[in-house]
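# Got a predicted structure plus its sequence, pasted below:
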Amino acid sequence: MEIVLNLLIFLVSFVAIWFGSGLIIKSVDKISRKLKVSSFAFSFFLLGILTSIPEISLSLAALSEGKPEIFIGNLIGGIIVIFFLIIPLFAVFGNGIKLTNKIESTKLIYAFIVLVTPLIAVMDKKATVTEGIFMLILAGVLFFVVQKNKGILDGDNEMLHLKRYSLNDLLKIFLGIGLIFVASNLIVDKTIYFGTLFNIPAFFISLIVLSVGTNIPEISLVFRAIKDKKKDVAFGNYLGSATVNVVIFAVMTLMSGGEVLTVNNFWKTLIITLIGFSAFYHFTKSKHDLSRQEGAVLLLVYAVFLLVEGLMFL
């Protein structure tokens, strides 16, 4: 009975994240129509942060519980989920997609370099404060590089004009954030519970299960696009969300006050990720879209990732 109750709480918490994320995304969408800022800058910076609220709250909860392996697995897994599960699924079920808000090939390469830094950092089974600072610098440079001439830092944008914000929309955003924070704490508690009960490493649950669950906002964007028969993917949002994962990883490392230890060095995951990013770059560098077949190839990368991690656990 106790197991069933904990499983129910675990599942309901993900539903709460889905609902809270929906409140945030819909309200931000309404606000964005009133803002004079480029779509890329908005999706990369603001939506990238807001759709990463589940990862932020879960990481804080994991740190407070003294379980850094949970946020490490979740954030690394989240980057993999975005590029090798969410976007490819949309390409497969949408019969191909067009990546809007595209960036130059050289900037995309730099973005992928930034996204693999957490994996490189834990090659020695630990992440240090120095590495955290280095990741923050790289992520900061990436933000300035991709937003250059996109408008978000222009002096004449109206991002801070409060008269453009609806009180009702702001309240919905805060309600969504509150729901996500409460649900994330429950998810961390139940992850620890099930990990102990079934002798499953917490990082494994985080890498495979939580990385999908905390990307519910990004997944919901895909389902909404398919429902509305839209084949454009706001690449800025997905790139921004993945970049925020690196920032969260760095900040959590700094907040730990020292070294963050992990039982896994993720070297196999790093190799799979590098292969996947190379394929993604090759598919999109010229035509800026993904066909159904190319999406299937990237899904295969994710399948290999699951297989390798599963074999390591067994």
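On my side now, so go ahead.
# where are the low-confidence patches of the stretch 1-150 of the chain?
Residue ranges of the stretch 1-150 of the chain with pLDDT under 70: 28-29, 31-47, 100-102, 147-150.
# What are the boundaries of the helices in it?
For the stretch 1-150 of the chain, applying DSSP state H, counting those that start in this stretch gives helices covering 2-32, 39-41, 48-50, 53-64, 68-81, 87-93, 105-121, 129-147.
# Return the most buried member of those helices.
Ranked by mean neighbour count, the helices of the stretch 1-150 of the chain are led by helix 68-81 with a mean of 27 (mean count of other Cβ atoms under 10 Å). No exception for glycine: its C-beta is placed from N, CA and C like everyone else's.
# tell me the angle of that one relative to helix 53-64?
160 degrees (axes from the mean of the first three to the mean of the last three Cα atoms, to 10 degrees).
# Report the contact partners of the nearest residue to Val247 once chain neighbours are set aside.
With sequence-adjacent residues excluded and distances taken as Cβ to Cβ, 6 or more residues apart in numbering, Val247 is closest to Ala139, at 5.0 Å. Applying Cβ atoms under 8 Å, 6 or more residues apart in numbering, we find Ala139 in contact with Val114, Thr243, Val246, Val247, Ala250.
# wait, isn't the fourth one in contact with Leu136?
Which is Val247. Yes. Using Cβ atoms under 8 Å, Val247 is in contact with Leu136, at 6.6 Å.
# close enough to count as contact, Tyr110 and Leu142?
Yes. Under the criterion of Cβ under 8 Å, Tyr110 lies in contact with Leu142, with a separation of 6.4 Å.
# The residue lying closest to Ile53 once chain neighbours are set aside is in what secondary structure piece?
Distances taken as Cβ to Cβ, 6+ apart put Ile180 closest to Ile53, at 5.2 Å, once the chain neighbours are dropped. Per DSSP states H and E: Ile180 is located in helix 167-198.
# Tell me if I'm right that the residue nearest to Ile53 and Trp18 touch.
No. Under the criterion of Cβ under 8 Å, Ile180 is not in contact with Trp18, lying 9.7 Å apart.
# Just give me the neighbour total for the residue nearest to Ile53.
For Ile180, the count of nearby residues is 28 (other Cβ atoms under 10 Å).
# any idea how far Gly96 is from it?
Remark: distance between Ile180 and Gly96 (Cβ to Cβ, to the nearest Å) = 32 Å.
# do Phe83 as well
Per Cβ to Cβ, Phe83 is found 17 Å from Gly96.
# which of the two has more neighbours?
Ranked by neighbour count (other Cβ under 10 Å), Phe83 and Gly96 place Phe83 first, with 22 against 15.
# so who does the closest residue to that one other than its chain neighbours touch?
Leaving aside its chain neighbours, Phe83 sits nearest to Phe280 (6.0 Å; criterion: Cβ to Cβ, 6+ apart). By Cβ under 8 Å, 6+ apart, the residues touching Phe280 are Phe83, Phe112, Leu298.
# which one of those is nearest Leu207?
Nearest to Leu207 among these, counting by Cβ to Cβ, is Phe83 at 14.9 Å.
# if I pick that closest one, what's in contact with it?
Going by Cβ under 8 Å, 6+ apart, Phe83 touches Tyr238, Ala242, Gly276, Phe277, Phe280, Leu298.
# So which of those residues are in helices?
Tyr238, Ala242, Gly276, Phe277, Phe280, Leu298 (DSSP state H).
# Report the separation between the second one and Lys30.
In this case it means Ala242. Taken as Cβ to Cβ, the span from Ala242 to Lys30 is 25 Å.
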